[in-house]
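>>> Need coordinates for the following:
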Amino acid sequence: MMSLTDPSLAVVVRKQIQFKMKSCIGMFSTLIVLQLIALVFSFGGTGMMGGTRSSLEYEMNYYSADIILVFTMLWAFINAILIKTKDYREDDFVFVTNRVSSNLSNIVLLLIVSIVGAITAMLSSYLLRIGIYFFSDNKEIIYTEVEFLELLTGIIAAGLFIFLFSGLGYIIGTLVQLNKTFAFIIPVVFLGFIFLVEMSSEVHLLLEIGKFYFNEESFWLLTSKTIMTSGLLFTAAMLVSNRLEVKQ
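Residues are numbered from 1 along each chain as shown. Next comes the predicted model:
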């Protein structure tokens, strides 16, 4: 029986987000497990330097939450692909929905999980400090004090990177949904393009891309780059999804 009420797009999207948040609890459980694994790897340090001066020999190990952040970005990337699989897509049809509301609810969901992932990744650095204090054999431990504004900026930057990787996963998941052969074509084209660029111009493409984003010193430029790139990825995914057959 059809309802005489025509729900607005905002209402439909909001209901879909609420439903998906409840059905994706396992996603957050996976995040916790992966971040704990990354935390263990982080005890090995992310950098080291040493030297000698007169009869003194010293060695310095650097610790950070970088490995945890990398694991979190991979988690977002994989989940963005999975959210476009058949099992997840069919959840949308519990509601009166269309491609636009489905994509918008997915994007907002990925934004929410990116924020949660960024907060837990950045706060895990304090858990890392506690672990180093109790389990490290180092005689001298120097902590870098982090002010609240610096922590907030770090969380925002981490969230933007996680959201960027989720956008990359989302467009790949959408292309695979359009045609299954893209699951094989995309890796081949990607690796082949990198190989051709490096062979023809001796430019390390992945390294240059990494520098373009991760070596940006200006917070506002970094924000602009990640938001624009994420926006392009999600927009492309929505345009591709419009080519898909509408479920009757």
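>>> what helices or strands is the longest helix belonging to the chain leaning on?
Longest helix in the chain by number of residues (criterion: DSSP state H): helix 99-135. Judged by 3 or more CB pairs under 8 Å, 6 or more residues apart in numbering; DSSP states H and E, the packing partners of helix 99-135 are helix 9-23, helix 25-42, helix 66-82, helix 148-178, helix 219-241. Using the backbone N, CA and C atoms, a C-beta is placed for each residue, glycine as well.
>>> Tell me which of those approaches I112 most closely.
Nearest of the helices and strands packed on helix 99-135 to I112, taken as CB to CB: helix 9-23 at 7.2 Å.
>>> how distant is that closest one from the center of its chain?
Relative to its parent chain, helix 9-23 has a centroid offset of 21 Å by CA atoms, centre = their mean, to the nearest Å.
>>> cool, stretch 119-132 as well?
Using CA atoms, centre = their mean, the offset of stretch 119-132 from its chain centre is 18 Å.
>>> repeat for stretch 19-36
Between the centre of stretch 19-36 and the centre of its chain there are 14 Å (CA atoms, centre = their mean).
>>> still on that earlier bit, which of the helices and strands packed on helix 99-135 has the highest mean neighbour count?
Of all those, helix 66-82 has the most neighbours on average by mean count of other CB atoms under 10 Å, namely a mean of 22.
>>> so it versus helix 219-241, what angle?
Between helix 66-82 and helix 219-241, the angle comes out at 20 degrees (axes from the mean of the first three to the mean of the last three CA atoms, to 10 degrees).
>>> Next, the contact list for the closest residue to V100 other than its chain neighbours, please.
Among residues not flanking V100 along the chain, L9 sits closest, at 6.8 Å (CB to CB, 6 or more residues apart in numbering). Taking CB atoms under 8 Å, 6 or more residues apart in numbering, we find L9 in contact with V100, S101, L104.
>>> G192 now?
G192 touches nothing, counting by CB under 8 Å, 6+ apart.
>>> for F71, same thing?
Here F71 is in contact with L34, Q35, I37, A38 (CB under 8 Å, 6+ apart).
>>> Centroid-nearest residue for the protein?
The residue lying closest to the centre of the chain (CA atoms, centre = their mean) is I162, at 2.5 Å.
>>> Quick check: that one vs I155, distance?
The spacing between I162 and I155, counted by CB to CB, to the nearest Å, is 10 Å.
>>> Also L178?
35 Å.
>>> likewise M27?
Separation of M27 from I155 (CB to CB) stands at 19 Å.
>>> ok, back up a step: look up how far L69 lies from the residue nearest to the centre of the chain.
Taking CB to CB, one finds I162 at 8 Å from L69.
>>> and if you look at M238?
Counting by CB to CB, the gap from M238 to L69 is 27 Å.
>>> any weak-confidence spans in the chain?
The chain contains residues with pLDDT under 70 at 1-7, 45-62, 86-97, 136-145, 202-203, 244-248.
>>> at 80 instead, please
Scanning the chain for pLDDT under 80 picks out 1-9, 12, 22-24, 43-64, 85-99, 131-147, 183, 190-191, 193-208, 242-248.
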